[in-house]
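**Student:** what shape does this take:
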Amino acid sequence: MEHLALSKSLADAVLGFADLPADSRAIAGGKGASLSRMAAAGLPVPPGFVVAADAFRECLESCGGAAVIANLTKDLNVDDTRAVEHAAESIRTMIVSTPMSAALARAIVAAHTALERN
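**Tutor:** Reported below is the predicted structural model:
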């Protein structure tokens, strides 16, 4: 099923920097929130957008990725650099090899197309 249950709507899944609230770290992550604040302050920031954290979480939930990550990190010794690197590589591989929903892909393409027009 194509849905973004955690996002209020598909429009909330992909947000332009100008559309983010002042305190948007939970929505956009640290880098997205910083770029949004810089743009709001009138600093030179290229136009852009973020995929909201809720949309990313929904992608992880829909493909079973959240459970995989929980399993990989459950007993992870964070002081064991090799173990951390192995877990990180496994998670990265899972994320990049798992197709996103068509609905989210369309929202990202639409946001990118809007950037190209402006």
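
**Student:** low-confidence ranges in this structure?
**Tutor:** Confidence mapping of the chain against pLDDT under 70 gives the ranges 1-11.

**Student:** ranges for the strands of it?
**Tutor:** For the chain, the strands defined by DSSP state E cover 14-16, 49-51.

**Student:** quick one: residues in contact with the last one.
**Tutor:** Strand 49-51 has contacts (C-beta atoms under 8 Å, 6 or more residues apart in numbering) with 13-17, 20, 27-29, 32, 104, 108, 111-112, 115. No exception for glycine: its C-beta is placed from N, CA and C like everyone else's.

**Student:** one more pass at 10 Å, please.
**Tutor:** With contacts defined as C-beta atoms under 10 Å, 6 or more residues apart in numbering, strand 49-51 is touched by 7, 13-20, 24, 27-29, 31-33, 35-36, 56, 59, 100, 104, 107-108, 110-112, 114-115.

**Student:** can you map out the helices along the chain?
**Tutor:** Secondary structure of the chain (DSSP state H): helices located at 25-40, 53-62, 65-73, 81-97, 102-117.

**Student:** in TSV: those, plus distance to residue 47 and mean neighbour count.
**Tutor:** What follows is those, written out as TSV (distance: least, C-beta to C-beta, whole Å; neighbours: other C-beta atoms under 10 Å):
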stretch	distance to residue 47	mean neighbour count
helix 25-40	8	17
helix 53-62	20	19
helix 65-73	30	14
helix 81-97	25	12
helix 102-117	5	14
